[in-house]
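A.B. asks: Sequence and predicted structure below; questions after.
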Amino acid sequence: QDVGLVRALEPGMLVLADAGVSSYELWKAAAQTGAALVWRVRTDLELPVLSVLPDGSYLSEVGDPQQKRHNREHERKRRASGVAVDYIQVRVIDYEIPNRDGREEFIRLVTTILKPAEASAAELAAVYHERWEEESVFDEIETHIRGGSDVVLRSKHAETVRQEIWALLLVHYAIRHFMTEAAEQADIDT
């Protein structure tokens, strides 16, 4: 968990994250910064439906897995009686998209934006989808230009690391520029 990254978050930011980085502790720390969070989570994560919202999303709660009780109903009774229970309220957005093979892929997002009037489920799903365009850039640089995730930067000093990163970005830009020119000449959508 990157505490330094969490310290950089502030109100007014929208923070998107993939399922590989989500955890209760990181979510709790990031949410406390006041930044709006939209994170993908595992589809098998147990998220009880507390209230269905007009846009099809629903309110739920996430508990600390380290303090998880055996009986959720017992915890609800304790909460109703005024005993403090450490749950975080979240809004859940479930949707499906066709993947590259033409099959449907189930996506589950959780967000700190609890009111659909502030951002609808469709808007948040679209924003999360846009994140994948950025991911594809990183994948191209890491896997195809640099030679794979096992290859590390050759540079050993801060200045030459910056130069190497700029070189990778420029190569990526040049390749994309040539691809765009070729697609325009062939009248193909990029």
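C.D. replies: Here it is on my side, so go on.

A.B. asks: now stretch 183-190: mean pLDDT?
C.D. replies: For stretch 183-190, mean pLDDT rounds to 83.

A.B. asks: What values do phi and psi take at Ala17?
C.D. replies: Per-residue torsions, Ala17: phi -150, psi 150 (degrees, to the nearest 10).

A.B. asks: Show me the beta-bridge partners of it.
C.D. replies: Beta-bridge pairing of Ala17 under DSSP bridges involves Trp39.

A.B. asks: and stretch 37-45, which residues are buried?
C.D. replies: 37-41 (16 or more other C-beta atoms under 10 Å). (Each C-beta comes from the backbone N, C-alpha and C, glycine too.)

A.B. asks: cool, and stretch 92-111?
C.D. replies: 92-93, 95, 107-111.

A.B. asks: rewinding a little: closest to Arg103 among the buried residues of stretch 37-45?
C.D. replies: Of all the buried residues of stretch 37-45, Arg103 sits closest to Arg40, with 18.0 Å by C-beta to C-beta.

A.B. asks: residues contacting the closest residue to the closest one other than its chain neighbours?
C.D. replies: Of all residues not flanking Arg40 in the chain, Ala19 sits nearest, at 4.5 Å (C-beta to C-beta, 6 or more residues apart in numbering). The contact partners of Ala19, taken as C-beta atoms under 8 Å, 6 or more residues apart in numbering, are 39-42.

A.B. asks: Give me the next element, helix or strand, following the lowest-mean-pLDDT helix or strand in the chain.
C.D. replies: Ranked by mean pLDDT, DSSP states H and E, the helix or strand of the chain with the weakest confidence is helix 72-80, at a mean of 61. Downstream of helix 72-80, the first helix or strand assigned by DSSP states H and E is strand 87-98.

A.B. asks: Go ahead and name everything in contact with that following strand.
C.D. replies: Contacts with strand 87-98, where a contact means C-beta under 8 Å, 6+ apart, come from 24, 27-28, 31, 47, 49, 53, 56-63, 79, 104-114, 121, 124-125, 129.

A.B. asks: Generate a PyMOL selection restricted to the buried entries among these.
C.D. replies: Buried members of the contacts of strand 87-98, defined by 16+ other C-beta under 10 Å, are picked up in PyMOL with:
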select buried, resi 24+27+31+47+53+57+58+59+60+61+62+63+107+108+109+110+111+112+113+121+124+125
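
A.B. asks: wouldn't Leu45 be in contact with Leu109 here?
C.D. replies: No - look at Leu45 against Leu109 with C-beta atoms under 8 Å: they stay out of range, at 11.1 Å.

A.B. asks: Can you list the buried residues in the longest helix seen in the chain?
C.D. replies: Of all the segments of type helix in the chain, defined by DSSP state H, the longest one is helix 158-185. Residues of helix 158-185 classed as buried under the neighbour-count rule (16+ other C-beta under 10 Å) are 168, 172.

A.B. asks: Nothing else from me, thank you.
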